[in-house]
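# Build me a structure from this.
(one chain, ligands or ions: 1)
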Amino acid sequence: MKFFFAFLFIAIEFAQNPIEKSYLLGRFDPSSDARFIQLSSAYAQGSALNGFLRKETFEAFQKMADDAKKDGVNLFIISATRNFDSQKKIWKNKWIGKTKAKITGEDLSKISDLKARARQILLYSAMPGASRHHWGTDIDLNSFEDNYFSSGEGLKIYQWLAAHAGDFGFCQPYTAKVNGRTGCEEEKWHWSYLPLSKIFLNEYLKQISYSDIEGFEGSETASDLEIISTYVNGVACR
Ligand SMILES: [Zn+2]
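Purely as a prediction, here's the structure:
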């Protein structure tokens, strides 16, 4: 019930202003988009310091972080909105081997089968044009290491999020791959503001086709790898 009105108001707003394709694909600049707000330093660290989020997302996050603090849990954002261009940089650096693979440290540029190479990147990074970080609704919190969240301080943070994030509209889309969830591996750091992201996911599935996912090295594998049905739609909350 708590989010019924938030969902209702947002649904009415989008019924009046259908969301643009370029937005869903991240082909815009959040720093010059009036729907976005710059993160304040009290709530962000590292590259997220100068980052942006949808106003609704950041307001909900601030409430959540303030509440968490009362329970001795310090939440901060380490990555916020990444548009097509910034996701393209992340993708390309893995594609050409400049950034080594997460966990294995492998140089993925050595994999000559392009689909196999893309599949390795996709374990933890979305294709440009197919990332929830494009939408200003998704945030990475505290640490990019799943291990961090399995003991001590990190475990306390994760347990707090699992118990309370839903009260603020946030959910973990990339859970352990049980119950048939497809797509990327579990990410305990990645949280999504569902009142907005559920709308964008629905619109994405309606409006975007494989010909829209283009403009970067490896994009020709998107269709064969079923990026939309397997990865974009491979989420635990919708
Ligand atoms: Zn993320």
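# need the contact list for the residue in the chain positioned nearest to the ion.
Ranked by Cβ to the ion, the top residue of the chain for proximity to the ion is His190, at 3.7 Å. For glycine as for every other residue, the C-beta is placed from the backbone atoms N, C-alpha and C. Counting by Cβ atoms under 8 Å, 6 or more residues apart in numbering, His190 touches 138-141, 172-174.
# Which pLDDT value belongs to Phe5?
Predicted confidence (pLDDT) at Phe5: the value is 70.
# Please tell me how far the residue of the chain closest to the ion sits from Ser197.
11 Å (Cβ to Cβ, to the nearest Å).
# Same check on Leu141?
From Leu141 to Ser197 the distance is 15 Å (Cβ to Cβ).
# Report the beta-bridge partners for the residue of the chain closest to the ion.
In this entry, His190 is beta-bridged to Asp140, by DSSP bridges.
# Give me the common contacts of His190 and Ser197.
138, 173.
# Now for Ile96, how many residues are close by?
Residues contacting Ile96 under the criterion other Cβ atoms under 10 Å number 12.
# looking at it, Glu214 is touching Ala130, isn't it?
No: the criterion here is Cβ atoms under 8 Å, and Glu214 misses it with Ala130 at 11.0 Å.
# could you dump the contacts of His190 to JSON lines with pLDDT, neighbour count and distance to Asp67?
Below are the contacts of His190 laid out as JSON lines (pLDDT from 0 to 100; neighbours: other Cβ atoms under 10 Å; distance: Cβ to Cβ, whole Å):
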{"residue": "Asp138", "pLDDT": "98", "neighbour count": "26", "distance to Asp67": "20"}
{"residue": "Ile139", "pLDDT": "98", "neighbour count": "29", "distance to Asp67": "16"}
{"residue": "Asp140", "pLDDT": "97", "neighbour count": "19", "distance to Asp67": "19"}
{"residue": "Leu141", "pLDDT": "98", "neighbour count": "24", "distance to Asp67": "14"}
{"residue": "Gln172", "pLDDT": "97", "neighbour count": "21", "distance to Asp67": "17"}
{"residue": "Pro173", "pLDDT": "97", "neighbour count": "22", "distance to Asp67": "21"}
{"residue": "Tyr174", "pLDDT": "96", "neighbour count": "23", "distance to Asp67": "23"}
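# near the ion too, which of the residues you listed?
The subset of these within reach of the ion, by Cβ under 5 Å from the ion, is Asp140.
# Phe36 versus Phe76, what's the distance?
19 Å.
# out of these two, which sits in the busier spot?
Per other Cβ under 10 Å, whichever of Phe76 and Phe36 has more neighbours is Phe36, with 21 against 18.
# Now do the contacts for that one.
30, 52-55, 81, 136.
# Return every residue with contacts to both of Glu214 and Ala130.
Contact criterion Cβ under 8 Å, 6+ apart; residues shared by Glu214 and Ala130: Ala222.
# Those two: which is more packed in?
Ala130 (25 against 12).
# and the more buried one, what element?
In the assignment (DSSP states H and E), Ala130 maps to no helix and no strand.
# Show the contacting residues for it.
213, 222, 227-228, 231-232 are the contacts of Ala130 under Cβ under 8 Å, 6+ apart.
# Identify each buried residue in the longest helix that the chain contains, please.
The residue-count maximum for a helix in the chain (DSSP state H) belongs to helix 55-70. Going by neighbour count (16 or more other Cβ atoms under 10 Å), the buried part of helix 55-70 is 56-58, 60-62, 64-65, 68.
# In the chain, what residue spans correspond to strands?
36-38, 52-54, 77-79, 138-141, 170-171, 190-193 (DSSP state E).
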